[in-house]
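In: only geometry, no sequence info:
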């Protein structure tokens, strides 16, 4: 890069933005009169993330050693201090972000609302840098960035012992600092003339064009004067957008044939022009390029598997695009990056190089919702035999995001297979974005149990077991049966469930029946006056609800005085035993010395008992249920 006229070298990663770096350095050193909260904003592609990354290089004690600090403008270099906390919200919900903060600072909060109170109670000032707020949430359409600002960043901004730097979309910037005392906060808009850096764009273009930084040797890259003149033209045309500069250079270097450095009409002024000019330079239809990139504009997570990309290109184009796809490397290359995943890097994901490019592509479509409907249908058709255990991981985990924007998610939330196999965090985020009145009964069951699934990070088998039990609790036996048909070795079958408040002790025993075998009973201790409960002699405050151990049936004859409770010998000789915790019950196999079932709850267990033949009865403040524990087959010699 060419040094600026003030004699100082530009930041090697940023290549400019001196005014902003000075403001951030003053914030970091807590210079008198500087704001405690800085909100960095700007239009998509304005370089917010790039700037934050470069500034953090100056804040990290180890990384500073690799920078030419003596050559930089001293007013842009903060003093050496401990590195700030940098919790990235990318892909996270507001709650997950809060727990990330709690973990970093070693907080003991057990509720997310207590995290920020405990942080405020620390006896020291903390410095937090939050990048990429616009990337918060598992899905683009669930509104998680706005939720993050209100539920996480606002509490940080209002805490006097927190110094906050946050990279926030422009439409959310004002709400973050609303109501703060004057002088407490400052918004730095990178598109504002005060903070914009036209010279920095020229330096960026010049560096990208330089063979020293990887550019091919071409007449306009090897000659310094020509390179500088071209860089000035690129920067001038790009306005305030570093992304437009990047795309312009990548396009030129990818297809230099026929490019005339002195013809500024071949240089883009915006992202849309960058796409169209590149296509025309390759003698292709700009619409074809947009059709190739359109599926990636809707991709969730880390990107779209290459196999699904090809399928969705033809789906959205409404015609066979096989020929265009096969020759797409040069046409789409400057705008796409790939990621290898899997243990042996056997899986290739494609993503656009910047979210702003996705916004540009979506804005050019006539109907985004219709496009998402087409994508959703194509993804569903790609599930082999509608067996979610065989679905591509992308479809399994992100189909909810596509159907949400298409308005089709409620119809999808009737398949227990999806509930079981989809990753709980993104599926929960999508379901919570649907108005409750639009959800069917199984969707409401998933909504109720999703916090438990996400909090425990339950694996597939545990999710299936918890969902099976939840469907029985919500009187949806057909859906519980459907979970059993998924060919998973569930640890239990839920026999019955009752909704009842204030259950105390749970006791398993038997009731004698004339001319019949004794009936196994679960006796639930409940307050006097509970419908169906029998009074207990000598105890005016408590009654017993006598429930069949295996059937959804109540008994009140004979009374509780006839109940034969399990003896200690019965319990000691049973093959299974019960281990109790506050919100977890574990069933232990004595002979194999292993846990065969673990039941977790979102509220403490108030009572529990286990029959000798392996039926677990558990009660919480919300009710009770009975689970027949699946016992392993006897070992053979």
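Out: Structure received. Please read all numbers here as calculations on a predicted model, not as lab measurements. Residues are numbered from 1 along each chain as shown.
In: Residue 402 should be in a helix, yeah?
Out: Yes. The assignment for residue 402 is a helix, going by DSSP: H, G, I helix; E, B strand; the rest coil.
In: please renumber so the chain begins at 30
Out: Yep, numbering from 30; the last one is residue 431 now.
In: ok, it - contacts?
Out: Neighbouring residues of residue 431 by C-beta atoms under 8 Å, 6 or more residues apart in numbering: 327, 329, 401, 404, 405, 408. Yep, even glycine has a C-beta here, placed from its N, CA and C like the rest.
In: element containing the nearest residue to the first one once chain neighbours are set aside?
Out: To tie it back to what came earlier, the one meant is residue 327. Nearest residue to residue 327 in three dimensions, chain neighbours excluded: residue 404, at 5.9 Å (C-beta to C-beta, 6 or more residues apart in numbering). If you go by DSSP states H and E, residue 404 is part of helix 397-410.
In: How about residue 552?
Out: Assigned by DSSP H and E, residue 552 falls in strand 545-556.
In: Does anything pack onto that strand? Which helices or strands?
Out: Applying 3 or more C-beta pairs under 8 Å, 6 or more residues apart in numbering; DSSP states H and E, one finds that strand 545-556 contacts strand 535-542, strand 568-577, strand 634-639, strand 644-649, strand 652-658.
In: Just want the angle from it to strand 568-577.
Out: 140 degrees (axes from the mean of the first three to the mean of the last three C-alpha atoms, to 10 degrees).
In: Stretch 144-153: which residues count as buried?
Out: Judged by neighbour count (16 or more other C-beta atoms under 10 Å), stretch 144-153 contains these buried residues: 144, 145, 148.
In: can you give me the mean pLDDT across the helix or strand hosting residue 455?
Out: For residue 455, the enclosing helix or strand under DSSP H and E is helix 453-461. On average, the pLDDT along helix 453-461 is 95.
In: hang on, the earlier thing: just checking, which helix or strand succeeds the strand holding residue 552 along the chain?
Out: Per DSSP H and E, the first helix or strand lying C-terminal to strand 545-556 is strand 563-565.
In: And the contacts of that following strand?
Out: 557, 571, 572, 573, 574, 575, 585, 588, 589.
In: picking up where we left off before, and the helix holding residue 455, what other elements does it pack with?
Out: Packing contacts for helix 453-461, counted by 3+ C-beta pairs under 8 Å, 6+ apart, involve helix 422-435, helix 470-485.
In: residue contacts, residue 625?
Out: 520, 605, 616, 617, 618, 658, 659, 660, 661.
In: Could you count how many residues lie near the fourth one?
Out: Counted with other C-beta atoms under 10 Å, the burial measure for residue 617 works out to 16 neighbours.
In: Please identify which helix or strand holds it.
Out: strand 613-618.
In: can you give me the angle the strand holding residue 552 makes with strand 652-658?
Out: Using the same axes, to 10 degrees: strand 545-556 against strand 652-658 is 140 degrees.
In: got the contact list for strand 545-556?
Out: Contacts of strand 545-556 (C-beta under 8 Å, 6+ apart): 527, 529, 531-542, 562, 570-579, 584, 589, 592-593, 636, 638, 640, 644, 646, 648, 653, 655.
In: and these, which are buried?
Out: 527, 529, 532, 535-540, 562, 571-579, 584, 589, 592, 636, 638, 640, 644, 646, 648, 653, 655.
In: hmm, back to that, would a markdown table of the contacts of residue 431 with distance to residue 106, pLDDT and neighbour count be doable?
Out: As requested, the contacts of residue 431 are exported to a markdown table (distance: C-beta to C-beta, whole Å; pLDDT from 0 to 100; neighbours: other C-beta atoms under 10 Å):
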| residue | distance to residue 106 | pLDDT | neighbour count |
| --- | --- | --- | --- |
| 327 | 42 | 98 | 25 |
| 329 | 39 | 96 | 21 |
| 401 | 47 | 97 | 23 |
| 404 | 47 | 98 | 26 |
| 405 | 50 | 97 | 25 |
| 408 | 49 | 97 | 22 |
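In: Closest one of those residues to residue 99?
Out: residue 329 (44.8 Å; C-beta to C-beta).
In: hang on, the closest one packs against residue 429?
Out: No. Using C-beta atoms under 8 Å as the test, residue 329 is too far from residue 429 to be in contact (9.3 Å).
In: which residues are in contact with both of those two?
Out: With contacts taken as C-beta under 8 Å, 6+ apart, residue 329 and residue 429 have 168, 455 as neighbours in common.
In: Type out the PyMOL command that picks the buried ones from the contacts of residue 625.
Out: To isolate the buried subset of the contacts of residue 625 in PyMOL, counting by 16+ other C-beta under 10 Å, use the following:
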select buried, resi 520+605+616+617+618+658+659+660
